[in-house]
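S.K.: coords please:
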Amino acid sequence: MRSPRYTILIANRKTGAVRRLTVSRRVLATLFVLIFAPPLMLGLGSKGADKAQIDALRAANDTLLLENQSYRDATGELTAQIGSLQAALTEISEQGQLDPATRSALEKLPATVKQLAIGGPTRSELATKSPVTATPEGTFGILRSLLGTIESRLQSVKSRIDSEAALGRATPSIWPLVGTYTSAYGDRKDPFTGLTEFHPGLDIAAEQGVPVHSTADGKVEMAAFDGNYGKAVVIAHGFGISTRYGHLSRFSVAPGQTVKRGEVIGYVGATGRVTGSHLHYEVLINGNRINPIRLLTGR
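M.R.: Below you'll find the predicted structure:
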């Protein structure tokens, strides 16, 4: 069967001339496809490409969200570490404050005693080398490592300061009573025989019943009658340091009791080998007597 034919009229507005163009359905369909198919295909392809781009953007956004959350978590950890370091620095600053008298007395202790409390990291141990990295994850890792190292060093310094503070509390640095300094440490004329003898402590004259104070923190090792010392108290302060208080009239502490610097441990008397009411005071380090005046005056 013959294909239907169509007539297309083309008019010229200026001249009024009209032209007729007769085409078959097949030709018309071909023209339609040629004119309208390309834009339609381009539109469909564009929609497919847009969807792929949107999916890619969504995936990238999800990745960024995860990375941002990871960075926030890492930042929170670092903030907590920094807060911990600040607290440690504050604590170290507070604990590192020794009163001038104690500091002066501590500096006069023998090196063997100070070495028990003073240690800490060397300069080479404190030197921290940091690798260079270009990624945020690597940077956070290095920061965590550095903060961890600093925190470890601070703990080491804190431990050292704690030990030094403990040594400061154990160092006899105050006078045991208010009285008159009558006899020094060293050679002197014996008041009974008149011969030269070694005097192992200080004599401080005072009226009977005047309070006698512990010159450092410690634990009472003895509170009893002790030959020529009469009624005596011996206090162990730690680090090999001890003090002895002789010729007391009575005690205010008992063996095993913990005492603080300045606490009353007894009262002046005239018990033992004496010529009058006074306190005999000794400082011993690892069982060896030293001149107490060095720690009392800081000279």
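S.K.: what about the helices in the protein?
M.R.: 25-95, 100-107, 111-114, 123-126, 136-170, 292-297 (DSSP state H).
S.K.: could you tell me the least trusted of those helices?
M.R.: Per-stretch averages of pLDDT across the helices of the chain put helix 123-126 at the bottom, with a mean of 45.
S.K.: list the buried residues for stretch 173-183?
M.R.: 173-177, 179, 183 (16 or more other CB atoms under 10 Å). Yep, even glycine has a C-beta here, placed from its N, CA and C like the rest.
S.K.: ugh, wrong one, I meant stretch 166-175
M.R.: 166-175.
S.K.: try stretch 145-164
M.R.: Here stretch 145-164 shows 147, 150, 154, 157-158, 160-161, 163-164 as buried, counting by 16+ other CB under 10 Å.
S.K.: residues touching residue 286, list them.
M.R.: Residue 286 makes contacts with 112, 240, as judged by CB atoms under 8 Å, 6 or more residues apart in numbering.
S.K.: what do you get for residue 267?
M.R.: The neighbourhood of residue 267, defined by CB under 8 Å, 6+ apart, consists of 208-212, 248-250, 252.
S.K.: of these, buried ones?
M.R.: 210, 212, 248-249, 252.
S.K.: so which of those sit within strands?
M.R.: Among those, the residues falling in strands (DSSP state E) are 212, 248-249.
S.K.: mind putting those into CSV with pLDDT?
M.R.: Below are these laid out as CSV (pLDDT from 0 to 100):
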residue, pLDDT
212, 98
248, 98
249, 97
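S.K.: export these to a markdown table and tack on distance to residue 288?
M.R.: Formatted as a markdown table, those follow (distance: CB to CB, whole Å):
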| residue | distance to residue 288 |
| --- | --- |
| 212 | 23 |
| 248 | 23 |
| 249 | 29 |
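S.K.: nearest to residue 223, of those residues?
M.R.: Nearest to residue 223 among these: residue 248, at 8.8 Å, using CB to CB.
S.K.: which one of the buried residues of stretch 173-183 is nearest residue 54?
M.R.: residue 173 (78.4 Å).
S.K.: residue contacts, the closest residue to the closest one other than its chain neighbours?
M.R.: Leaving aside its sequence neighbours, residue 173 sits nearest to residue 105 (CB to CB, 6 or more residues apart in numbering; 3.7 Å). Neighbouring residues of residue 105 by CB under 8 Å, 6+ apart: 171-173, 295-296, 298.
S.K.: if I look at residue 105, how far off is residue 60?
M.R.: Per CB to CB, to the nearest Å, residue 105 is found 69 Å from residue 60.
S.K.: go on, residue 227?
M.R.: For residue 227, the distance to residue 60 - CB to CB - is 91 Å.
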